[in-house]
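Undergrad: missing the sequence, but the structure's below:
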């Protein structure tokens, strides 16, 4: 068995009927490049051959009774490909909206915890013979960086798939798994022995972080803080339903803005999202006077680390949606992100463990259920207004069972008190945006997607020198 980290366990135990803690990706494929012709069976056979190289696809959950301790991963000797690998047709005419609607529906369905926590859906019926692949994996086994590592295993650099390596990566000892009583005793012992010390260390680090934080939240370029976001329609607690919309822009256009404004590429991405959000909230008469606040995941994974699970932190960045001028908005976002990164670096020097490494999983699960049942999303300040995640992707062609990958749209989970997630991934010459929403709170996600191109044009017009 292999015990989960506290962060991985939190993604499992923080899940409720309304919060689905899986991440997804929509791939659009061109089967015309397949040397021997594309088929569902060809893809399925290839994925089964590659499974030994992908630990995320072989492990299943082993809970500790009553959530006394963090759960474990165990090797599943009987993974059923017919359960995990499925096919479905997109409704006619099979355009981007029909495809996105289908993916939104699939994203609203929870993964079966009695099996390895993933699904792969082959979607047929797209125009011009295209095929789509929709993949779901639980966040407890993957983050943005490790997700790209998994893609390197499942995808190929040439139309002709490489032969299986024969290597079994990160295999867990398949010896006997303890029974419930032994797991209960072990979990109770670990909690009784380790929790007091962990709580003491966590309290000490929190005090030291607070002292470090004080000077960084004052002054003109003060770092943004969580729980200071204005309340908008984006901050309704999500229902179990999901909707999805996509947008694609040329990567070179964003790089030109990065150079023109002398900022980071991620700041340009945030500014494009901010422009789209500002347009959307203005249209529905819900733009607050305060700037929106974005929670931006940052990878804490050292180079070369391909382990399963999560190594991710967060920074909080003002989206400057109260600023009319798009150029000044981008500059304000840049200053906010720099301040946030400085605070993150300063505080990480005092970070020993997070709260998820300290509290037993049962308490995390109880807190999540109480938050939902008591409707605390309506009574407490929003931690932020939106999650915006930017994941660097491959810059070279990739193939899935011989079919060339044309688009790669990421889909992140909705978090507590938020009904919108924007995940962005660069692939080849483009940047693909995935908007995941709760349709009861954000009924028109395509307005947000359409706003990406308009916000980009505004920035180009406002740039110090024309970028197009």
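TA: Thanks, I have the structure now. The model shown is predicted, which means the values in this text are computed figures rather than measured ones.

Undergrad: What is the burial count for residue 50?
TA: Using other C-beta atoms under 10 Å, residue 50 has 19 neighbouring residues. (Glycine included, C-beta is placed from N, CA and C.)

Undergrad: what does the helix or strand harbouring it rub up against?
TA: Residue 50 is located in helix 40-50, with elements delineated by DSSP states H and E. Contact with helix 40-50 is made by 34, 36, 81, 85, 87, 120, 122, 124, 133, 153-154, 161, 164, 400-402, as judged by C-beta atoms under 8 Å, 6 or more residues apart in numbering.

Undergrad: Cross those residues against strands and list the overlap.
TA: 85, 87, 120, 122, 124, 133, 400 (DSSP state E).

Undergrad: Out of these, who's the most crowded?
TA: Counting by other C-beta under 10 Å, top hit in those: residue 400 with 25 neighbours.

Undergrad: Helix or strand with the lowest mean pLDDT in the chain?
TA: helix 355-358 (a mean of 63; mean pLDDT, DSSP states H and E).

Undergrad: and the helix or strand that that one is followed by, how far from the chain's centre?
TA: Following helix 355-358 in sequence order, the next helix or strand is helix 361-373 (DSSP H and E). Put simply, helix 361-373 sits 21 Å off its chain's centre (C-alpha atoms, centre = their mean, to the nearest Å).

Undergrad: Mind jotting down where the helices sit in the stretch 151-300 of the chain?
TA: Listed in chain order, the helices of the stretch 151-300 of the chain (DSSP state H, counting those that start in this stretch) span residues 180-213, 251-261, 265-283.

Undergrad: Can you name every helix or strand that the second one contacts?
TA: Under the contact criterion of 3 or more C-beta pairs under 8 Å, 6 or more residues apart in numbering; DSSP states H and E, the helices and strands touching helix 251-261 comprise helix 265-283, helix 326-348, strand 430-437, helix 445-462.

Undergrad: what's the most buried one of the ones you listed?
TA: Counting by mean count of other C-beta atoms under 10 Å, strand 430-437 has the highest mean neighbour count of the helices and strands packed on helix 251-261, with a mean of 26.

Undergrad: Tell me what angle that strand forms with helix 445-462.
TA: Put simply, strand 430-437 runs at 140 degrees to helix 445-462, going by axes from the mean of the first three to the mean of the last three C-alpha atoms, to 10 degrees.

Undergrad: mind pulling up the phi and psi values for residue 26?
TA: With angles defined as degrees, to the nearest 10, residue 26 sits at phi -110, psi 120.

Undergrad: show me what contacts it?
TA: So residue 26 contacts 99-100, 103, 132-134, 244, 246, 407-409, 411, 434 (C-beta under 8 Å, 6+ apart).

Undergrad: what do you get for residue 172?
TA: By C-beta under 8 Å, 6+ apart, the contact list for residue 172 reads 1, 2, 59, 73, 74, 75.

Undergrad: Which members of those residues occur in strands, if any?
TA: If you go by DSSP E, the contacts of residue 172 have 2, 59, 73, 74, 75 in strands.

Undergrad: ok, back up a step: buried stuff in the helix holding residue 50?
TA: By neighbour count with 16 or more other C-beta atoms under 10 Å, helix 40-50 contains the buried residues 42, 43, 44, 46, 47, 50.
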